[in-house]
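K.L.:
3D model of this:
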Amino acid sequence: MPAIGEKAPEFSLPDSTGRTVHLKDFRGKKIVLYFYPKDQTPGCTKEACSFNDRISEFRKRGAIVLGVSADSVESHARFAERYGLRFPLLSDPDKKVINTYGVWKKKSMYGRTFMGVERTTFVIDEDGMIQALFPKVRVDGHTEAVLESLTTSRKAL
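P.N.:
Numbers count the residues shown, from 1 in each chain. So this is what the prediction gives:
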């Protein structure tokens, strides 16, 4: 997993419209890059809607929000439309970026272990450096913590 103070790994992924999004296209802006397990699930919906509800605050702070999961472009399109999401959802079905960012982890639920995306958020500064890192995210209060991190310097939360 990339660490605070390191350069954020570059990537190119399709968004919910099929347009390719390149991380480098956002140089000069802060980026909130959040990884989540699955479209249309309770926790992921709550997290996406929370970012969406506060999107104007992110924009006022010069930040772009990008969500990433292994779901398809079509799944992202349905998810974004259903909840009126106003930020890009990026599709990584091959899990190349998910693995590069170190968020593909062994998880357990109800006594069963499996591999999946560990909910994680990276805040990337205008120069492409990781400014803040939120591993093992709990959805409640997360958006507020990310907003706060946009006004502080490099830290792990």
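K.L.:
which residues in this protein form strands?
P.N.:
For the chain, applying DSSP state E gives strands covering 12-14, 20-22, 30-35, 63-69, 89-91, 104-109, 112-117, 120-124, 130-134, 155-156.
K.L.:
Centroid-nearest residue for the protein?
P.N.:
Centroid-nearest residue in the chain: residue 34, 1.3 Å away (criterion: CA atoms, centre = their mean).
K.L.:
what sits against the nearest residue in space to residue 97 that is not next to it in sequence?
P.N.:
Spatially, and ignoring its direct neighbours in sequence, residue 97 is nearest to residue 11 (4.5 Å; CB to CB, 6 or more residues apart in numbering). For every residue, glycine as well, the C-beta is placed using N, CA and C. Residue 11 makes contact with 22, 23, 96, 97, 100, according to CB atoms under 8 Å, 6 or more residues apart in numbering.
K.L.:
between those, which has the most around it?
P.N.:
residue 97 (22 neighbours; other CB atoms under 10 Å).
K.L.:
Quick check, that residue in contact with residue 66.
P.N.:
No - between residue 97 and residue 66 there is no contact under CB atoms under 8 Å: 10.5 Å.
K.L.:
Find the residues that touch each one of these two.
P.N.:
residue 90.
K.L.:
Tell me the confidence at residue 41?
P.N.:
You'll see residue 41 listed with a pLDDT of 96.
K.L.:
Could you number the chain from 242 rather than 1 from now on?
P.N.:
Yep, numbering from 242; the last one is residue 282 now.
K.L.:
What separation is there between it and residue 320?
P.N.:
Residue 282 sits 10 Å away from residue 320, going by CB to CB, to the nearest Å.
K.L.:
Of the two, which one has the most company?
P.N.:
Taking other CB under 10 Å, residue 282 and residue 320 do not tie; residue 320 has more neighbours (22 against 13).
K.L.:
quick one, what contacts residue 284?
P.N.:
Contact analysis of residue 284 by CB under 8 Å, 6+ apart lists 277, 278, 360, 380.
K.L.:
Mind doing that once more with 10 Å?
P.N.:
Neighbour list for residue 284: 277, 278, 360, 378, 379, 380, 381 [criterion: CB atoms under 10 Å, 6 or more residues apart in numbering].
K.L.:
what's the weakest-modelled helix or strand in the chain?
P.N.:
strand 396-397 (a mean of 48; mean pLDDT, DSSP states H and E).
K.L.:
so where is the protein shaky, pLDDT-wise?
P.N.:
393-398 (pLDDT under 70).
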